[in-house]
Every structure is written in structure tokens, then in C-alpha cells.
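Peer 1: Would you be able to build a 3D model of this:
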Amino acid sequence: MSQFNWDDLRFFLAVARAGRLTVAARRLGADHATVSRRIASLEAALKATLFERRPQGYALTPHGERLVATAEAIESAALAASSDIGGADLALSGSVRIGAPDGFGSLFLAPRTARLVARYPGLELQLVAMPRLLSLSKREADIAVALAPPKEGRVVARRLTDYRLGLFASRDYLAASPPIRTPDDLFAHPLVGYIDDLIYMPELDYLDEVAKGLRPRLQSSSLVAQMEATLAGAGVCVLPHFMAAGRPGLAPVLPREVSLTRTFWLIVHAELRDVARVRAVADFVLREVRQARGLLMGEAREPAPAAP
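Peer 2: The predicted structure is shown next:
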């Protein structure tokens, strides 16, 4: 162990999470040759092979799998030390990655993040807004917004907010189409919705709640894409009220008959919840959601921006 370099663990974790040298190198701000050399150094010091080198990338060996837990514990301790001993200014100079569904991330969070980065100039905020779940245990994100709390893993989940969804269509489409007076009338109209086998959370499989047997004619894995197609007149779509509120070209369809409620959860890795920069970003998300509750529940338009 005299040749063991603790800093090599940073390179090990980056490769373990990315699965590829080039991606890990980019995240570390190093070149791939340096990353390769540091991995080789760590394997030599531990006298163990940590990765299987494959054409498609690096896969952990059983020794590597065992090391991940220890390396993450050391990483978490280092983060906690920088937060506790170094003070808030030092702790807020790093990066925080938020994973969120594409609609919430792109249309709710993204317009609000300018206030956060203005308040903390040293903070690097990474917003991953895409229709899939990000793994906090693999550190794909530090904070995640999801439609349900995870059933396993060392995470802390907090109910963020309920939000409402309804049926919407473009005003031009409705003016040129047969009237929709009941949910059964929707069978005579094209629907816009998710691709069945790419629905990544059961909470998104909601068309049967509108009318049993409804299926979308135009399908996309992205809720933002669904909204844009609906604005262009592709048909009728289930959308969150907070997304439709900023689009005057959209009109509600059967607002009294169809109202769906879902829940967003805020999830943080247990070992990061007390790190100052992670806590500051989580508190920011909570604060923004509370101030916009009426918008999220379909009871108000977009609220005025809050002070930083």
C-alpha cells in the first residue's frame, strides 16, 4: 500500500460511472492517456484488475465492484469535509447535477436557474432534462426529480409537489375538428402521447384513465416534443398545466371531465444531502416549487420571478 495514491480513486470512479475513458477524461478535465495511466497505477498498487477492457468500453470486474463502495465512501467524506471545514464559499464553488423529466426540467426549472447561478457565481449547475431515470447510486446526478421515490439505494426522498395534467389541443385544431363533448369522443380524434415501450415510469401511462383503450397516433418519448406537435395541430394530448399555461395557442379539452394528478419527488443521495452546494440547490428547487404551486396545480398562470 506504500504506492497507493488516494487521488487515483477519483479517476477510478469517473471511469466506473462513465464506462468509457474519453467520457471520464472529459468530466475530469484530463486527457484519456492520463486517465488510463492512473487506472493502471491503481490496479498495480492494489494488485487487482478493476476493469475488463472491451471494445464498447470499460466494465467493472468483481474487484472493481467491491472497490466502488469504498471509493464512493471516501469521495463522500471528502465532499463533507470541504463543506464542513472549508466553509460555504468553498463548498459552493463546485458542480451540482440535477436530473429531471424533460418537461419539468426544460420548461419549469431551466427558466429559473439564472437566479441560482447569479447568486452563487462559483457554482457550476448541470441540468439533465431528459425522459429517463438517472441513477444517483452511480452518481449520474446529485439531485433527481422523479415521479416516484426509489425502492432501493442510499437516497433521501422528499415529496416535492403534486401537479395536475389535463387534455389540450391547439385552438386551430379544435376549430377545424368535430366537437369533443365526452371522453368517448376522443376516439374520433388523433392523440399525441408516449411510445408504449419507452414509458420509463408507470405514472406516465395515463391514457386509459382518460378513456379505456385510447392509444396515441403520434408518439414521442419526449413530453416537450409532444407539446410542440400538439401546438402544430397534430391532435389532442395530455399535458401538465404548468407546460400548457405558457402556450396561448393551446386550449383545454374537457377540463371538468379530465383532470389527472401526479407527484414530483426530490431525491438526493444520502451521502450528499449535507454537502453545502447540494443542499443549496435542493433548497432552491423546493423554494421555486412552493412559490409556483398554483401554476403546477393548474390554478394560476406563471408567477412573477422571485428575488435571488
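Peer 1: Where does pLDDT dip in the chain?
Peer 2: In the predicted model of the chain, residues 1-3, 79-93, 137, 300-308 satisfy pLDDT under 70.
Peer 1: could you pull out the strands for it?
Peer 2: Per DSSP state E, the chain carries strands over the ranges 51-54, 57-60, 95-100, 124-129, 143-146, 155-170, 191-193, 218-219, 236-240, 250-253, 260-269.
Peer 1: May I have the fifth one as PDB, with CA atoms only?
Peer 2: Looking back up the chat, that one is strand 143-146. Extracted in PDB, the C-alpha atoms of strand 143-146 (Å, rounded to 0.1, in the frame of the first residue of the first chain):
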ATOM      1  CA  ILE A 143     -30.200  15.500  -7.200                       C
ATOM      2  CA  ALA A 144     -33.100  14.000  -9.100                       C
ATOM      3  CA  VAL A 145     -36.700  14.900  -9.600                       C
ATOM      4  CA  ALA A 146     -38.800  11.800 -10.200                       C
END
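Peer 1: re earlier: got CSV for the strands of the chain, with distance to residue 112 and mean neighbour count too?
Peer 2: All C-beta spots, glycine's among them, are computed from the backbone N, C-alpha and C. Shown next, in CSV, are those (distance: least, Cβ to Cβ, whole Å; neighbours: other Cβ atoms under 10 Å):
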stretch, distance to residue 112, mean neighbour count
strand 51-54, 40, 12
strand 57-60, 35, 17
strand 95-100, 11, 21
strand 124-129, 10, 15
strand 143-146, 13, 23
strand 155-170, 14, 19
strand 191-193, 27, 24
strand 218-219, 30, 16
strand 236-240, 16, 25
strand 250-253, 21, 19
strand 260-269, 14, 18
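Peer 1: Looking at these, which is nearest to residue 10?
Peer 2: Residue 10 lies closest to strand 95-100 among these, at 13.5 Å (Cβ to Cβ).
Peer 1: Return the distance of the closest one from the chain's centre.
Peer 2: 7 Å (Cα atoms, centre = their mean, to the nearest Å).
Peer 1: cool, and stretch 240-254?
Peer 2: 23 Å.
Peer 1: Could you tell me the end-to-end distance of that stretch?
Peer 2: This stretch, stretch 240-254, spans 14 Å end to end (Cα to Cα, to the nearest Å).
Peer 1: which residues are in contact with that stretch?
Peer 2: Residues outside stretch 240-254 that contact it (Cβ atoms under 8 Å, 6 or more residues apart in numbering): 103-104, 107-108, 163-172, 174, 180-183, 223, 227, 230-231, 236, 239, 292, 295-298, 300-302.
Peer 1: ok so, going back, so which of the strands of the chain is nearest residue 115?
Peer 2: Per Cβ to Cβ, nearest to residue 115 of these: strand 124-129, 11.0 Å.
Peer 1: in its sheet, what does that closest one sit against?
Peer 2: Looking at strand 124-129 with DSSP bridges, its partner strands are strand 95-100 (parallel).
Peer 1: relative orientation of the partner strand and strand 260-269 in degrees?
Peer 2: Orientation of strand 95-100 against strand 260-269 (axes from the mean of the first three to the mean of the last three Cα atoms, to 10 degrees) gives an angle of 160 degrees.
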